[in-house]
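Student: Quick one, fold the following:
(chains A, B, C and D)
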2 protein chains.
Amino acid sequence: MENKHSLIADARREQIIKAAIVVLTEIGYLSTSLSKIANKANISTGLISYHFSGKEDLMRNTLIYLVEQERAFIKGKVEPKQTYMEKLMVFIEASLAYQGTNRAYNIALLEIVFNGRTPDNVPYYLAEINDEDELNVLLKGILYKGQEAKEFGDFDPIVIAIVIRGAISASLSLPKTEMSLEDYNEKIIKSVLKMLK
Amino acid sequence: MENKHSLIADARREQIIKAAIVVLTEIGYLSTSLSKIANKANISTGLISYHFSGKEDLMRNTLIYLVEQERAFIKGKVEPKQTYMEKLMVFIEASLAYQGTNRAYNIALLEIVFNGRTPDNVPYYLAEINDEDELNVLLKGILYKGQEAKEFGDFDPIVIAIVIRGAISASLSLPKTEMSLEDYNEKIIKSVLKMLK
DNA sequence: TTTTATTTTGATCGTTCAATCAGTTTTTAT
DNA sequence: ATAAAAACTGATTGAACGATCAAAATAAAA
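Tutor: Now for the predicted structure:
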């Protein structure tokens, strides 16, 4: 049904989304307006409404775009690895690296997650989509299969997945003076390994 | 300098803050307006401006109020304990319990943290106040002193503190069907103990 | 009681915003 | 070359908001 691919429209939509990401990062969701996004993209305000059904729709599509970027990056690093131990370590390393090198993307994502709402008016950050979140599924899968393959010991994959993802998220507000991302990565992996015993 | 205590004014300020918490939880920061808060508190809009210098000021004071509530609750549970191991376990348990029984407060806090900004226009969630955060100081202190007292093994208290607080925060979006708070508490403590070895 | 200070109201002002749409330009199809 | 469709502009509209303030009500002080 969604075959209505116009290359021009697709390129324009991506341009608008990228402008939205920049504006969100610069001034936050609260101050972000369609006219500021249009200005950043050097287009008219009406054009945004032409390509998106409204501000909510633009924000939802921007969120989808941001999630997909991160997902593709991490999945691409994890898949080639053979053992589940390697997959897990690369998952953590790639997640931290992505956050470090794409800070603007992460901030924009947070701004949307904590302000945007689903069509039922439920905040994204409270919506139970987290379960279906592909990265969560990937991580839980690694942990579970690693147990089956006797690479890991006994633990609840759901809980450990939550802990690992929490540790990754926290890297955003790492006091830069105290610890580098590399140090943090090393220490997190060390701690995680203890939990897998 | 701040001795200007009028009991009437203080009570009114708290009434406004509590109304703000309810509105924030119900409709989120984005949709929260002074008139909606005034309406919830059954007062006129102008009265809010009389007691607070503006919307930002009200939100900042509401954040302070919310942080203080949680801090007092947790610190009250932790302090009576003797060993650092006990203190740590109670810290986790009390944190989870507070989040479970004060969901509205937690949601309001998140709404402000992810939308409010410091006077320098830095988002709270990116401001490096996290270090100075009293609960963080408390937790890091427990871990550090527990090491000194040979109750715990070798690890970086800063990293472990981040991991533990991340796990606590994540409880907000725990899939209720999959796991109870008690289960989660038990499993988190089990995992944390492994990390302290 | 009278005066003064504090507290409260509610209407109003200027601003910002999302959305709309009539009209223009550009692209595509015939 | 012509017609039709798609892409785009920018001004406008109406709603919501934060802030302000003159005036009213209440409380405190004299």
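Student: Helices along chain A, start to end?
Tutor: Assigned by DSSP state H, chain A shows helices spanning A:7-31, A:34-41, A:45-51, A:55-78, A:84-101, A:103-113, A:134-148, A:157-170, A:181-196.
Student: Tell me which residue of chain A lies closest to chain B.
Tutor: residue A:166 (2.7 Å; CB to the nearest CB). Placement of C-beta: from N, CA and C, glycine included.
Student: Burial check on that residue, number of neighbours?
Tutor: 19 (other CB atoms under 10 Å in any protein chain shown).
Student: what do you get for residue A:9?
Tutor: By other CB under 10 Å, neighbour count at residue A:9 equals 12.
Student: so where is chain A shaky, pLDDT-wise?
Tutor: A:1-5, A:7-8, A:130-131 (pLDDT under 70).
Student: who in it is up against DNA strand C?
Tutor: When proximity is defined by CB under 7 Å from any atom of the strand, chain A lies next to DNA strand C at A:7-8, A:31-36, A:45-46, A:49-50, A:54-56.
Student: Recalculate using a threshold of 10 Å.
Tutor: A:6-8, A:27, A:29-39, A:44-50, A:52-59 (CB under 10 Å from any atom of the strand).
Student: Considering only the residues you listed, which also neighbour DNA strand D?
Tutor: Okay, of those touching DNA strand D (CB under 10 Å from any atom of the strand), that's A:6-8, A:34-35, A:38, A:44-50.
Student: before we move on, the earlier item: against residue B:166, how distant is the residue of chain A closest to chain B?
Tutor: Here residue A:166 is placed at a distance of 3 Å from residue B:166 (CB to CB, to the nearest Å).
Student: Which among the residues of chain A next to DNA strand C count as buried?
Tutor: Buried subset of the residues of chain A next to DNA strand C (neighbour count, 16 or more other CB atoms under 10 Å in any protein chain shown): A:29, A:32, A:34, A:36-38, A:48, A:52, A:55, A:58-59.
Student: Out of all residues in chain A, which is the farthest from the middle?
Tutor: residue A:150 (30.0 Å; CA atoms, centre = their mean).
Student: Just want the residue of chain A that's nearest DNA strand D.
Tutor: Closest to DNA strand D within chain A is residue A:46: 2.0 Å, counting by CB to the nearest atom of the strand.
Student: ok, and which of the helices of chain A has the densest surroundings?
Tutor: helix A:157-170 (a mean of 22; mean count of other CB atoms under 10 Å in any protein chain shown).
Student: May I have that one as CSV, with CA atoms only?
Tutor: Provided in CSV are the C-alpha atoms of helix A:157-170 (Å, rounded to 0.1, in the frame of the first residue of the first chain):
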residue,chain,number,x,y,z
PRO,A,157,18.1,-12.2,30.7
ILE,A,158,15.3,-9.6,31.1
VAL,A,159,16.8,-8.0,34.1
ILE,A,160,20.3,-8.1,32.9
ALA,A,161,19.2,-6.5,29.6
ILE,A,162,17.6,-3.7,31.5
VAL,A,163,20.7,-3.1,33.6
ILE,A,164,23.0,-3.1,30.5
ARG,A,165,20.8,-0.7,28.6
GLY,A,166,20.6,1.5,31.6
ALA,A,167,24.3,1.6,31.9
ILE,A,168,24.5,2.5,28.2
SER,A,169,22.0,5.3,28.5
ALA,A,170,23.8,6.8,31.5
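Student: Quick check: which helices or strands does that helix pack against?
Tutor: Counting contacts by 3 or more CB pairs under 8 Å, 6 or more residues apart in numbering or on different chains; DSSP states H and E, helix A:157-170 is packed against helix A:84-101, helix A:134-148, helix A:181-196, helix B:157-170, helix B:181-196.
Student: show me the contacts for the residue most central in space within chain A.
Tutor: Centroid-nearest residue in chain A, with CA atoms, centre = their mean: residue A:67, separated by 4.3 Å. Residue A:67 makes contact with A:109, A:133-134 under the criterion CB atoms under 8 Å, 6 or more residues apart in numbering or on different chains.
Student: What of residue A:75?
Tutor: A:134, A:138.
Student: mind running it again at 10 Å?
Tutor: Residues near residue A:75 by CB atoms under 10 Å, 6 or more residues apart in numbering or on different chains: A:91, A:94, A:134-135, A:138.
Student: and if you look at residue A:12?
Tutor: Counting by CB under 10 Å, 6+ apart, residue A:12 touches A:6, A:41, A:43, A:47-48, A:50-51.
Student: run the last query once more with 6 Å
Tutor: Contact analysis of residue A:12 by CB atoms under 6 Å, 6 or more residues apart in numbering or on different chains lists residue A:51.
Student: Of the helices and strands packed on helix A:157-170, which is nearest residue B:71?
Tutor: helix B:157-170 (13.3 Å; CB to CB).
Student: chain center to stretch A:95-103, what's the gap?
Tutor: 10 Å (CA atoms, centre = their mean, to the nearest Å).
Student: ok, is it in contact with chain B or not?
Tutor: No. If you take CB under 6 Å from any CB of the partner chain as the test, stretch A:95-103 misses chain B, and the best it gets is 9.8 Å.
Student: same question, stretch A:136-145
Tutor: No. Using CB under 6 Å from any CB, stretch A:136-145 stays clear of chain B, with a minimum separation of 10.4 Å.
Student: Leaving out chain neighbours, which residue sits closest to residue A:153?
Tutor: When the adjacent residues along the chain are set aside, residue A:153 lies closest to residue A:197, with 4.8 Å between them (CB to CB, 6 or more residues apart in numbering or on different chains).
Student: which bits of chain A sit near DNA strand D?
Tutor: Listed as neighbours of DNA strand D in chain A under the rule CB under 10 Å from any atom of the strand: A:4-13, A:15-16, A:34-35, A:38, A:41-51.
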